[in-house]
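Participant: Coordinates for the following, if possible.
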Amino acid sequence: MNTAVKLAEKSTKNTADLTQRHIGFMLAHEQFSVPQLVEFGASAERAGFDLLATSDHLQPWQDNEGHSGSATVTLAALGQQTNSAWMGTTVTCPILRYPPAVVAETFASLSLLYPGRIFLGVGSGEALNEQAATGDWPSWDERSERLIEATSIIRKLWTGEHVYHEGKHYQVQAKLYDKPAKSIPILMAANGPKAMRRAGQYGDGLVTDAQTWKEHKSEFVAGLKAAGKTLADAPVLIEHYVVVGTKKDAETAAKLWRFGPNAFKGYHNIQDPRDIQKRAEAETPLEEVYGDWPIGTDADIHINAVEELFTSGATIVNIHSGQPDQQRVIEFYGKNVLTQVRKKIGA
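Facilitator: Next comes the predicted model:
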C-alpha cells in the first residue's frame, strides 16, 4: 500500500460537523518553528483538543516573535502525527501572495491525504505578508472584492469541472484533476461590521475574536440571511487568548502579541514587522493586551471563559496562548478544562 493511501486511511474517525461544538488549539507560526508546531499539534490532539488551527504568514506580526514557517507544510506534516482532529488555517489570504487556483489545489491535496479533516480559513490579508511578497497592497474595498471572487473560484475548482472564469480581478481557465475527497468548509475572517456581513454572505463560517463577535454578530447574521442561510448552518470560530500561569507569564506573552489591540486598526497596513513592533511598544500598554485574557492555574477561570464563548454562539473556541511553554497549556487544558467543559455544555 502506498504512503498516500496509508495516510488517508489514518482518518478513520468520522469527525463531527464544524457546526457542532469544538475546542481548538492555535499553532502560531509567528512564535514557533514548524517542527515545534507539529509536536504541539500532536500533543494537543492526545490531550483532547479536536481542532488544530494554524496561522499563515510570510512574516510574523512583530520582529520579536521570531518565526514564520509555511502553514501548508505544517498541516501536511501534522496530519501524519494525528488521527482525527480537524486541521486548517486561520487564516490564508488567497488574493495576492497565493492565487486562488493554487489555494484550491493545495487544500484539495491536503483533503486527499486527510479526508474529512481539512478546513480552509480565508481573509483579506495584511501588508506584512501580501505587500511584502508582491509589492501590491490594494485598498480594503478591492481586497474584499478579490476575496469574494477568489473564494468563488476555489469552490468552482473543487467541483473537478473545467472552470472558465473571466472576472474583475482574476482570469482562470483550468481544471483541478484531483478534487477534494470530501467537502472542505471555508471559514471567512472578519474584524469589523462590513467584513462580518461579507463572511456571513460568502463564507461557510466565520473566524473572529470575542469583541468583534459581541459587537457585530447581527451583521454576520444579516449576511447569512442574504445568502439564504441561518446561524445554525455556520461554524463560528472565536480565537481565545489564555495564560496558564501568573501575571508575569501574561506580560511575557503580551510582549510578543502587543500588536493585537490595534492589529486591524492600522497595523495591518504596515509592511515591516519591526515597524509594527515599535508602534505597538510605543502605543499599547501591556495591560491593554492581556487585560481580557483568562490568567491563572484555577481551572474554573478557564472553564467559565470557554463556556461563556460557547453560550454566546461560538461553535469553535480556539485556545491561543502566547507563553513559551505550550506543553504546559496543552497538559493543563487536557487534564483540567476540556472534559469539564464538555460535560457542562456538550462541547
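Participant: For the stretch 1-150 of the chain, which segments are assigned as strands?
Facilitator: In the stretch 1-150 of the chain, strands defined by DSSP state E, counting those that start in this stretch lie at 22-27, 51-54, 86-89, 118-122, listed in chain order.
Participant: okay, those in CSV with distance to residue 166 and mean neighbour count next?
Facilitator: (C-beta placed from N, C-alpha, C; glycine too.) Formatted as CSV, those follow (distance: least, Cβ to Cβ, whole Å; neighbours: other Cβ atoms under 10 Å):
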stretch, distance to residue 166, mean neighbour count
strand 22-27, 38, 25
strand 51-54, 33, 28
strand 86-89, 28, 25
strand 118-122, 22, 26
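Participant: can you redo the ones you listed as a markdown table with distance to residue 254 and mean pLDDT?
Facilitator: Formatted as a markdown table, those follow (distance: least, Cβ to Cβ, whole Å; pLDDT from 0 to 100):
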| stretch | distance to residue 254 | mean pLDDT |
| --- | --- | --- |
| strand 22-27 | 16 | 98 |
| strand 51-54 | 21 | 98 |
| strand 86-89 | 24 | 98 |
| strand 118-122 | 24 | 98 |
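Participant: Tell me the pLDDT of residue 236.
Facilitator: We have a pLDDT of 98 for residue 236.
Participant: let's number from 37 now, not from 1
Facilitator: With 37 as the first residue, the last one maps to residue 272.
Participant: Show me what it is bridged to.
Facilitator: Taking DSSP bridges as the rule, residue 272 bridges to residue 242.
Participant: lowest-pLDDT helix or strand in this protein?
Facilitator: helix 39-45 (a mean of 36; mean pLDDT, DSSP states H and E).
Participant: Can you pull out the low-pLDDT segments for this protein?
Facilitator: Within the chain, the set of residues satisfying pLDDT under 70 comprises 37-52, 383.
Participant: so how far is residue 347 from the most centrally placed residue in it?
Facilitator: Nearest to the mean C-alpha position of the chain, by Cα atoms, centre = their mean, lies residue 126 at 1.6 Å. Residue 126 is 22 Å from residue 347, where distance means Cβ to Cβ, to the nearest Å.
Participant: for residue 99, same thing?
Facilitator: Distance check for residue 99 against residue 347: by Cβ to Cβ, it reads 38 Å.
Participant: Compare those two and say which is more crowded by neighbours.
Facilitator: residue 99 (14 against 9; other Cβ atoms under 10 Å).
Participant: who's in contact with residue 90?
Facilitator: Counting by Cβ atoms under 8 Å, 6 or more residues apart in numbering, residue 90 touches 62-65, 73, 107, 110-111, 123-126.
Participant: Could you rerun that using 10 Å?
Facilitator: Going by Cβ atoms under 10 Å, 6 or more residues apart in numbering, residue 90 touches 62-65, 70, 73, 77, 105-108, 110-111, 114, 123-128, 157.
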